[in-house]
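> Model the structure of this input:
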Amino acid sequence: MLKGVRRFLLVTAAITMGGIGIWGTHFVANRAILLEHGVLSRQILFNPGYTAVSFFLPTLVLLAAFFMLGIPNTAHYLYIAVAGILTGSAVCGMHYIGLLDVANYHCSYYIQNVVGSAVISVVASSAAFGIFFHLRDTWTDTWWKKALCGILLCCAVSASHWTASLGIVFEWKGNSTIHGDSKVQTSIIAFLLVS
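Residues are numbered from 1 along each chain as shown. Below you'll find the predicted structure:
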């Protein structure tokens, strides 16, 4: 395959996986968190700045990982390990950077959930990259094996997110001027970033 075409595919894969797959999963899952028995004025309100940063973090890290693994014809195990650690760290880091933008709550975290989320992210990313990039040449006509790698990574992102989310303590800031139904705001942000 021509190097230019391969590079284009790697860039689009990083945007798709990092921006839509990983970030989208995180963002939609955050919208599923209901606080204070679902009262609209007490739901999580996000600021767009950190939301945008949390979108670009996994996309840029995956871009680096994909170029490290996708440009050479064979992926070395050291590169797979480094790419897995970088990607897992980006997935976990993106979750916590995304929570920096919560405007109406202070967030604190249980350390065991942070560690568990990081371990899930790194191990699953390394496994998916190892399987996919090490065996990609033998899988040219077997799309379902590639899809299984994507499903493995998707399950890992979801497991990492919910492990981290279960370890968050939300404390209301007590400022009644910072409230509202942020679903419209976050839907607009998500639409613009994913577009």
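
> switch to C-alpha atoms for all contacts and neighbour counts from now on
Fine.

> What are the contacting residues of stretch 70-86?
Here stretch 70-86 makes contact (Cα atoms under 8 Å, 6 or more residues apart in numbering) with 3, 6-7, 10, 61-62, 65-66, 68-69, 122-127, 129-130, 133-134.

> Now do the buried residues in the helix ranked longest in the chain.
For the chain, the helix with the greatest residue count under DSSP state H is helix 111-135. Neighbour-count burial for helix 111-135 flags 113-114, 116-134 (criterion: 16 or more other Cα atoms under 10 Å).

> Can you name the residues that contact the spatially most central residue of the chain?
Nearest to the geometric centre of the chain sits Ile22, at 3.1 Å (Cα atoms, centre = their mean). Contacts for Ile22 (Cα under 8 Å, 6+ apart) come out as Pro58, Val91, Cys154, Val157.

> Among those residues, which one has the most neighbours?
Across those, the neighbour count under other Cα atoms under 10 Å reaches its highest value at Val91, namely 31 neighbours.

> before we move on, back to that, what angle sits between the helix or strand just after the longest helix of the chain and helix 111-135?
Beyond helix 111-135 on the C-terminal side, the first helix or strand identified by DSSP states H and E is helix 143-165. What separates the directions of helix 143-165 and helix 111-135 is an angle of 170 degrees, with axes from the mean of the first three to the mean of the last three Cα atoms, to 10 degrees.

> list the helices and strands helix 143-165 packs on?
Judged by 3 or more Cα pairs under 8 Å, 6 or more residues apart in numbering; DSSP states H and E, helix 143-165 is in contact with helix 23-31, helix 77-99, helix 111-135.

> any residues touching that helix, and which ones?
Under the contact criterion Cα under 8 Å, 6+ apart, helix 143-165 has outside partners 21-22, 25-26, 29, 91-92, 95, 113-114, 116-118, 120-121, 124-125, 128-129, 131-132, 139.

> buried stuff in it?
Residues 145-146, 149-150, 153-154, 156-165 are the ones in helix 143-165 that count as buried (16+ other Cα under 10 Å).

> helices or strands up against the helix or strand following that helix?
Once helix 143-165 ends, the next helix or strand along the chain (criterion: DSSP H and E) is strand 168-172. Based on contacts counted as 3+ Cα pairs under 8 Å, 6+ apart, the elements that strand 168-172 packs against are strand 105-109.

> Quick one: distance of the strand it packs on to the chain centre.
Chain-centre distance of strand 105-109: 20 Å, with Cα atoms, centre = their mean, to the nearest Å.
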